[in-house]
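In: All I have is the shape, not the residue letters:
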Ligand code: NZQ
Ligand code: ZN
């Protein structure tokens, strides 16, 4: 096991009616006036924004709005939010939504106290030391941004989708998590969220670090819970207990607990971020296509951990040959994704004619050459993995 330093400072306020505590929690961050960031309309339609606003009012917190954040959020809305915060004298940011809204809120929070261009942090030209405090009301279990220090933003110039990981600066101070808020999710978003949270665990599970049995078992346990709850939540979208289990799994998948003491991979996310940057696909659905392809490729390059995943998570009997078992694991994962109506090929994802050379070029521009802690990918390998998605 590797040395590690782990701190998840977010207060998770979980359960029915918890959004009514938003005002008190926001005031508790020391905020008098916040920027409230939200998405394209679901939070307004469901009445959630009205309840959050009532709660802020009751706690004596003022707010300014930045709505209409779209999936796979872009830098233009971040610049707009930074300018708004400065002009209105805002002292905190409240995200009401999913990963796209939360990531925009985080980027704004990091940009306001910084004199330069906020993109400097994403471009690796500056290290973020401080940010306005961020609070979250989560409406979709998927990206795990409510508990992560990450923010994923696409720069419109060149469509570069980059994930910034901070240790502490961008970790939300609180996350309100009411599973009932997720009853209105369309099935495709529910399923995509499930693929995304599984991917967050698997990016950490597939490691070259030896002797990490404890975090292996934590990861396997959360994955098995997701696999059990997923069919329930798909069949019964208003089943509170199934929604609650999926929601908590989404947070545990990405708040760092599954990555302690081990080298993480993140190749599949890098490959997917190019797909969502270029083709605008839903991130989790993209991962349902990418991850089995990456595992299939790895069966020939580093199969042992993938075979172990097959044995322990999907109960695949060991044949004694890691390559065979890794291929079975990739097939089992694909079958699981299919069972919850997710795409498993680029065509099913809606990408009829993928420009693979462009995807390969962008992947190495954005991630480096080679990239892949579990097994390094050079352009010919990256191309082979994309071809396995056809
Ligand atoms: O915009 P609205 O109208 O709210 O609709 C959203 C959006 O269309 C809808 N939705 C959300 N909650 C809903 C709802 N519809 C009905 N009822 C509800 N309760 O769902 C759609 C997707 O929303 P989005 O915020 O994009 O979803 P998600 O949480 O999957 O976030 C995806 C983004 O997060 C990034 C992804 O790359 C992508 O840009 N990620 C962020 C990470 C992080 N910060 O740690 C890690 C992840 O790996 C990921 O890369
Ligand atoms: Zn993800």
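Out: Yes, it's here. Computed from a predicted structure; not experimentally measured. Ligands and ions are numbered 1, 2, ... in the order given.
In: Who are the contact partners of residue 386?
Out: Residue 386 makes contacts with 271, 293, 354, 356, 359-360, as judged by C-beta atoms under 8 Å, 6 or more residues apart in numbering. Every residue, glycine included, has its C-beta placed from N, CA and C.
In: Switch these over to a markdown table; also include secondary structure, neighbour count and distance to residue 205.
Out: Below are the contacts of residue 386 laid out as a markdown table (DSSP: H, G, I helix; E, B strand; the rest coil; neighbours: other C-beta atoms under 10 Å; distance: C-beta to C-beta, whole Å):
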| residue | secondary structure | neighbour count | distance to residue 205 |
| --- | --- | --- | --- |
| 271 | helix | 27 | 17 |
| 293 | helix | 23 | 17 |
| 354 | coil | 19 | 27 |
| 356 | helix | 17 | 27 |
| 359 | helix | 23 | 25 |
| 360 | helix | 22 | 25 |
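In: wait, which of those is closest to ligand 1?
Out: Distance to ligand 1 across these (C-beta to the nearest ligand atom) is lowest for residue 271, with 11.9 Å.
In: Name the nearest residue to the closest one, sequence neighbours excluded.
Out: Among residues not flanking residue 271 along the chain, residue 290 sits closest, at 4.9 Å (C-beta to C-beta, 6 or more residues apart in numbering).
In: and the one you found, how far is that from residue 195?
Out: Residue 290 sits 10 Å away from residue 195 when distances are taken as C-beta to C-beta, to the nearest Å.
In: Contact partners for the residue nearest the centre of the chain?
Out: Nearest to the mean C-alpha position of the chain, counting by C-alpha atoms, centre = their mean, stands residue 143 at 2.4 Å. Residue 143 sits next to 98-100, 102-103, 152, 193, 196, 250, 254, 283 when contact means C-beta under 8 Å, 6+ apart.
In: element containing it?
Out: Assigned by DSSP states H and E, residue 143 belongs to neither a helix nor a strand.
In: Could you check how far the residue of the chain positioned farthest from its centre is from residue 299?
Out: Centroid-distance maximum for the chain: residue 320 at 34.6 Å, with C-alpha atoms, centre = their mean. Distance of residue 320 to residue 299, given as C-beta to C-beta: 15 Å.
In: Tell me how far the spatially closest residue to residue 99 that is not a sequence neighbour lies from ligand 1.
Out: Leaving aside its chain neighbours, residue 99 sits nearest to residue 143 (2.6 Å; criterion: C-beta to C-beta, 6+ apart). Distance of residue 143 to ligand 1, computed by C-beta to the nearest ligand atom, to the nearest Å: 4 Å.
In: And for residue 284?
Out: Counting by C-beta to the nearest ligand atom, the gap from residue 284 to ligand 1 is 6 Å.
In: Show the pLDDT at the nearest residue to residue 319 once chain neighbours are set aside.
Out: The spatially closest residue to residue 319, leaving aside those adjacent along the chain, is residue 325, at 5.7 Å (C-beta to C-beta, 6+ apart). If you check residue 325, the pLDDT there is 98.
In: Could you tell me the average pLDDT over stretch 109-128, please?
Out: 98.
In: Going forward, count from 38.
Out: Understood, numbering begins at 38; the last thing we discussed is stretch 146-165.
In: Identify the residues contacting whichever residue of the stretch 238-387 of the chain sits closest to ligand 1.
Out: Ligand 1 sits closest to residue 320 of the stretch 238-387 of the chain, with a gap of 3.8 Å, by C-beta to the nearest ligand atom. Counting by C-beta under 8 Å, 6+ apart, residue 320 touches 108-109, 136, 179-180, 229, 233, 309-310, 313.
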